[in-house]
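Engineer: Just the structure for this:
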Amino acid sequence: MKRSIFKSLRYFIPWSLTVLILNAGLSWAGFIPPKNLSRPGNREGAATRGICKVQTLANEPDLTTLVPASNIGLTAATRPTFYWYLPANNYQALEFALFQTLADGTQVPIYKQQFPTANRPRLDSIMLADDVPPLQEGVDYRWTVSLICNPSDPDPSQIRFVEGWVQRIALPKTLEQQLRQANPLQRYELLAINGLWYDALDALVKLRQAQPNNPKINTLWRELMTAEGVDLHRLSKLAIAQDSRGN
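Structural biologist: Numbering: from 1, shown residues only. Here you go, the predicted model:
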């Protein structure tokens, strides 16, 4: 399903101004989602029947994919990293799946992997391996995370399920040059203000892992999770382990 997204990337800030603002210590570049870009789906899990449950505390979310409120985010990566929130639970397995949308709207699976749920981090993730076909530009991909109560008897009524969408775009040359010159914090700011959700989120997670007690970086995380068009308020105070990647 081809689409032109370049009109959405309209926030290119002159590099000299970027450096000036960042050096002044201001958090200026909140995430700006592209307009008129949304997909159907459910990014937060719901209760299921059976013995398997999640154990959430007050104000803690259920199983949740980290995608904007539109359910779709952009990336410039051929194999991006996907993040989701995994609450405490007694499910036996977690399954990640990725589907490519064809021109006629048909979705075909291109990757699937199942993991035991034991000892996985709250901020869970998967980075696509090199043997997974690279994402094509302008094509919709749908990804899902499922909690499976009993993998040997996967009763659909006992599967907790969430989803999100991703679309890859080409980086404009100006932004590509700016990113090459940027330090990690500047890189996050540039990715966020240009609406590249998956790339900005991954950059910010890495910053928090490297500097977990940095108040500015923690503020950026709160701002991203509570930004208009994101609305993941219950994840705004999420602590991130130094290595949150589950795979």
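
Engineer: alpha carbons only for contacts and neighbour counts from here, please
Structural biologist: OK.

Engineer: Strands of this structure, residue ranges please.
Structural biologist: For the chain, the strands defined by DSSP state E cover 64-65, 72-75, 81-85, 93-101, 107-116, 123-127, 140-148, 159-168.

Engineer: out of these, nearest to residue 213?
Structural biologist: Among the strands of the chain, strand 123-127 comes nearest to residue 213, with 17.2 Å by CA to CA.

Engineer: Now do that closest one: which elements does it pack against?
Structural biologist: On a contact count with 3 or more CA pairs under 8 Å, 6 or more residues apart in numbering; DSSP states H and E, strand 123-127 meets strand 81-85.

Engineer: Show me what the strand it packs on is in contact with.
Structural biologist: 61-66, 122-128, 198, 202 (CA atoms under 8 Å, 6 or more residues apart in numbering).

Engineer: In ChimeraX, how would I select just the buried ones from these?
Structural biologist: Buried subset of those, written as a ChimeraX selection, criterion 16 or more other CA atoms under 10 Å:
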select :61,62,63,64,65,66,122,123,124,125,126,128,198,202
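
Engineer: Among the contacts of strand 81-85, which one sits closest to residue 215?
Structural biologist: For these, the closest approach to residue 215 (CA to CA) belongs to residue 202, at 18.2 Å.

Engineer: Name the nearest residue to the closest one, ignoring sequence neighbours.
Structural biologist: Leaving aside its sequence neighbours, residue 202 sits nearest to residue 81 (CA to CA, 6 or more residues apart in numbering; 6.8 Å).

Engineer: any chance you could map the helices in this protein?
Structural biologist: Assigned by DSSP state H, the helices in the chain fall at 15-23, 173-181, 184-193, 197-210, 215-225.

Engineer: Relative to residue 32, how far out is the closest residue to residue 198 other than its chain neighbours?
Structural biologist: Leaving aside its chain neighbours, residue 198 sits nearest to residue 75 (5.4 Å; criterion: CA to CA, 6+ apart). To residue 32, residue 75 is 13 Å away according to CA to CA, to the nearest Å.

Engineer: This completes my enquiry, with thanks.
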